[in-house]
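K.L.:
Make a model of this:
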Amino acid sequence: MSDPTPVLDDLRDESEGLDALVAPLPGDAWAAPTPAPGWTIAHQIAHLAWTDRQSVLAVTDPEGFGSVVEKAAAAIDTFVDEGAVEGAALPPAELLARWRSGRSELQAALRAQPPGTRFPWFGPPMSAASMASARLMESWAHGEDVADALGVRRAPTARLRHVARIAVRARDYAYFVNGLTPPAEEFRVELTAPDGTLWAYGPQDAAQRVTGPALDLCLLATRRRHRADLAVRAEGADADRWLDIAQAFAGPPGAGRGPGEGGTA
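P.N.:
Now for the predicted structure:
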């Protein structure tokens, strides 16, 4: 049974790193456009705040969260964007306070859960550790959008292991969401961590292999960079196909970024 404490600590640290990036911004800077079409920095933070609130609801009031799932199913193409638009309309100081409050509530709620508890979500039920991992992945990915908007480079950290793990575990989902049949065989994935160590997944003798920097796979699987701009490499036709469709998030794959549409990472 996975202890959620380490990933909860990492989620806290990831959020605080992004907080330090946006907290000093003057009010008008929150309206700066990010690479996500139609989304400003305020939209990015509002989306994180909205999702944290939904997560708290899922943990503390599963029945109430069921109503949210029904609303989402009825407006599948607009539901998430509506939450971001609503939050982005707030004054930046109020939005920042809302985001801080929500993520603090989520930390407390998840840390208080008995081991083995699972919570409803928009997809399969989640444990405390898996929910924290998903929140970290989103916080990091949307943080990349904010960093790109500001023209800054964030140093990669060991927290990327959570994002990389989701990307690898979501391999079959990426095939399904693109209308494809996943390969029967596992891949070997070997990633160079920010500190130079190796993060490895899958059998050592697998014929299909993916190698490269962990940062690059995370950028690829969150659709924050195009494959052509990254140093991730594949051996085998199936592994090569996966790198074209890899995604670490739920929902439609989206258009992603084109070649050369990266930031400073």
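K.L.:
Which helix or strand contains residue 154?
P.N.:
Secondary structure assignment for residue 154, by DSSP states H and E: no helix or strand.
K.L.:
That one: what's it in contact with?
P.N.:
By Cβ atoms under 8 Å, 6 or more residues apart in numbering, the residues touching residue 154 are 17, 21, 143-144, 147, 265. (Glycine included, C-beta is placed from N, CA and C.)
K.L.:
what do you get for residue 186?
P.N.:
Listed by Cβ under 8 Å, 6+ apart, the contact set of residue 186 reads 202-203, 206.
K.L.:
Can you show me the helices along the chain?
P.N.:
Taking DSSP state H to define them, one finds helices in the chain at 5-22, 41-60, 62-74, 79-88, 92-111, 128-150, 160-169, 171-177, 214-221, 237-245.
K.L.:
Tell me the pLDDT of residue 69.
P.N.:
Residue 69 is assigned a pLDDT of 89 by the prediction.
K.L.:
Spatially, which residue comes closest to it, not counting chain neighbours?
P.N.:
Of all residues not flanking residue 69 in the chain, residue 122 sits nearest, at 6.2 Å (Cβ to Cβ, 6 or more residues apart in numbering).
K.L.:
now do residue 210
P.N.:
By the measure of Cβ to Cβ, 6+ apart, the closest residue to residue 210 outside its immediate chain neighbours is residue 189, 4.7 Å from it.
K.L.:
can you pull the contacts of the one you found?
P.N.:
Residues touching residue 189, when contacts are defined by Cβ under 8 Å, 6+ apart, comprise 168, 200-202, 209-211, 217.
K.L.:
Please report how far residue 119 lies from residue 4.
P.N.:
Using Cβ to Cβ, to the nearest Å, one gets 12 Å for the distance from residue 119 to residue 4.
K.L.:
Quickly list what's touching both of these two.
P.N.:
127-128.
K.L.:
Adding pLDDT and distance to residue 69 as columns, could you present the contacts of residue 189 in TSV?
P.N.:
Formatted as TSV, those follow (pLDDT from 0 to 100; distance: Cβ to Cβ, whole Å):
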residue	pLDDT	distance to residue 69
168	98	27
200	98	36
201	98	31
202	97	33
209	98	38
210	98	34
211	98	39
217	98	30
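K.L.:
Of those, just the buried ones, PyMOL syntax please.
P.N.:
Here is the PyMOL command that selects the buried residues among those (16 or more other Cβ atoms under 10 Å):
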select buried, resi 168+201+202+209+210+211+217
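K.L.:
Can you add distance to residue 175 and give the contacts of residue 189 back as TSV?
P.N.:
As requested, the contacts of residue 189 are arranged in TSV below (distance: Cβ to Cβ, whole Å):
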residue	distance to residue 175
168	13
200	22
201	17
202	16
209	17
210	14
211	20
217	17
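K.L.:
can you tell me which residues contact residue 238?
P.N.:
Counting by Cβ under 8 Å, 6+ apart, residue 238 touches 183, 185, 187, 208.
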